[in-house]
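Participant: Coordinates for the following, if possible.
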Amino acid sequence: MNYIVSVVAGFLSGLIGSMGFGGGGILIIYLVIFANTPQIVAQGINLIFFIPCALLATIIYSIKKQIKFKVILPVILGGIIGVLFASYFLSFIKSEWLSKAFAIFLILMGLATVIKVKIKKKSM
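Facilitator: Numbers count the residues shown, from 1 in each chain. Below is the predicted model of the structure:
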């Protein structure tokens, strides 16, 4: 049963991640809540999980000419700087605080999405 649930969580994470919706949220939630994985370990697993998924999605989107490399290069540079910064400071943060920060982030992103949809509906 646990193996099947893990495969389903991986499938949903890959599916949602390939659409650009942040499938890592599902994977991390599954790992922390259902697989009893510490938050920091779950985030590391999430990063490893998404390397092959992101590579395959990048190839597919590139073939379809849906990636504008001139636009993405500055974002990649910012992402690299952010990774270096966060990787250093994560060693000073307790796992329980990281879990709370992640939960708050998910709630804020959900609220922002709901607000955008409501604004868009009003303008139609």
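
Participant: Before we move on, what's the pLDDT of the closest residue to Leu90 other than its chain neighbours?
Facilitator: Of all residues not flanking Leu90 in the chain, Ile40 sits nearest, at 6.8 Å (C-beta to C-beta, 6 or more residues apart in numbering). Yep, even glycine has a C-beta here, placed from its N, CA and C like the rest. If you check Ile40, the pLDDT there is 83.

Participant: The one 4 residues further on now?
Facilitator: We have a pLDDT of 87 for Gly44.

Participant: neighbours around it, how many?
Facilitator: Other residues within reach of Gly44, judged by other C-beta atoms under 10 Å, total 14.

Participant: quick one: the helices in the chain?
Facilitator: 2-18, 24-29, 39-63, 69-90, 95-123 (DSSP state H).

Participant: Deepest-packed of those, please.
Facilitator: Each of the helices of the chain was given a mean neighbour count from mean count of other C-beta atoms under 10 Å, and the largest, a mean of 20, is that of helix 24-29.

Participant: which helices and strands sit right next to it?
Facilitator: Applying 3 or more C-beta pairs under 8 Å, 6 or more residues apart in numbering; DSSP states H and E, one finds that helix 24-29 contacts helix 2-18, helix 39-63.

Participant: and the angle from the longest one to helix 95-123?
Facilitator: Note on geometry: by axes from the mean of the first three to the mean of the last three C-alpha atoms, to 10 degrees, helix 39-63 and helix 95-123 are set 40 degrees apart in direction.

Participant: Which neighbouring elements make contact with helix 39-63?
Facilitator: Packed next to helix 39-63, using 3+ C-beta pairs under 8 Å, 6+ apart, are helix 2-18, helix 24-29, helix 95-123.

Participant: what sits up against it?
Facilitator: 10, 13-14, 17-18, 23-24, 27-28, 31-32, 35, 37, 67, 90, 95-96, 98-99, 102 (C-beta atoms under 8 Å, 6 or more residues apart in numbering).
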